[in-house]
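Engineer: 3D model of this:
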Amino acid sequence: MANVLYPKFKEKLLNPGTAGINSGAQVDMDSDNIRVALIDTGVYTYNASHEFLSSASGATVGTAQLLGSKTVTNGVFDAGDVTFTGLTGNSVEAYIIYKDTGTASSSPLIAYFDSATSGLPLTPNGGNVTIQFNASGIFAL
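Structural biologist: A predicted model of the protein is given here:
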């Protein structure tokens, strides 16, 4: 696999307010609660048709972290690095960025990352794990 934006997220950006797939699921990258979740790919496999966090049920490792210092500039989304403290659990081979609505079945998936350049894979050992995002931004449109 490779780092990718979920196609359903792209539809939300291109068709805001449209009934059906997008109803009630708009995403505002700089003002919504955007989180990053660590993923065990032995439990979750990326699928372009996945739309909500519930698709990755049981695959998250640790507690998803809220992204801070978010910016959207010239089509580039960026945020501050995040730290997962005292991480234990299954191996981590990917992470997912999503909009947190409070319910997995309505929290839209945004992006999937499994690139070796993101510090993956890793095996939690009870220590802290920091995801350091690329200095040029997390993703660009």
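Engineer: who's the residue nearest the centre of the chain bridged to?
Structural biologist: Residue closest to the average C-alpha location in the chain (C-alpha atoms, centre = their mean): I97, at 1.0 Å. Beta-bridge partners recorded for I97 (DSSP bridges): V36, A111.
Engineer: so, low pLDDT: which residues of this structure?
Structural biologist: In the predicted model of the chain, residues 1, 16-25, 116-118 satisfy pLDDT under 70.
Engineer: strands of that one, start to end?
Structural biologist: 4-5, 34-39, 60-66, 71-73, 76-78, 82-84, 94-99, 109-113, 129-131, 139-140 (DSSP state E).
Engineer: any idea which of the ones you listed gets closest to V27?
Structural biologist: strand 94-99 (4.9 Å; C-beta to C-beta). Where you see a C-beta, it was placed from the backbone N, CA and C, and this is true even at glycine.
Engineer: any idea of the angle that closest one forms with strand 60-66?
Structural biologist: For strand 94-99 against strand 60-66, the angle by axes from the mean of the first three to the mean of the last three C-alpha atoms, to 10 degrees is 40 degrees.
Engineer: which strands or helices does strand 94-99 pack on?
Structural biologist: Packing partners of strand 94-99 (3 or more C-beta pairs under 8 Å, 6 or more residues apart in numbering; DSSP states H and E): strand 34-39, strand 109-113.
Engineer: who touches the last one?
Structural biologist: Right, strand 109-113. Outside of strand 109-113, the residues within contact range by C-beta atoms under 8 Å, 6 or more residues apart in numbering are 1, 3-6, 8-9, 27, 29, 34, 46, 50-53, 55-56, 94-99, 120, 138-139.
Engineer: and those residues, which are buried?
Structural biologist: Buried residues within the contacts of strand 109-113, defined by neighbour count using 16 or more other C-beta atoms under 10 Å: 3, 5-6, 8-9, 27, 29, 34, 46, 50-53, 55-56, 94-99, 120, 138-139.
Engineer: fine by me, we can end here.
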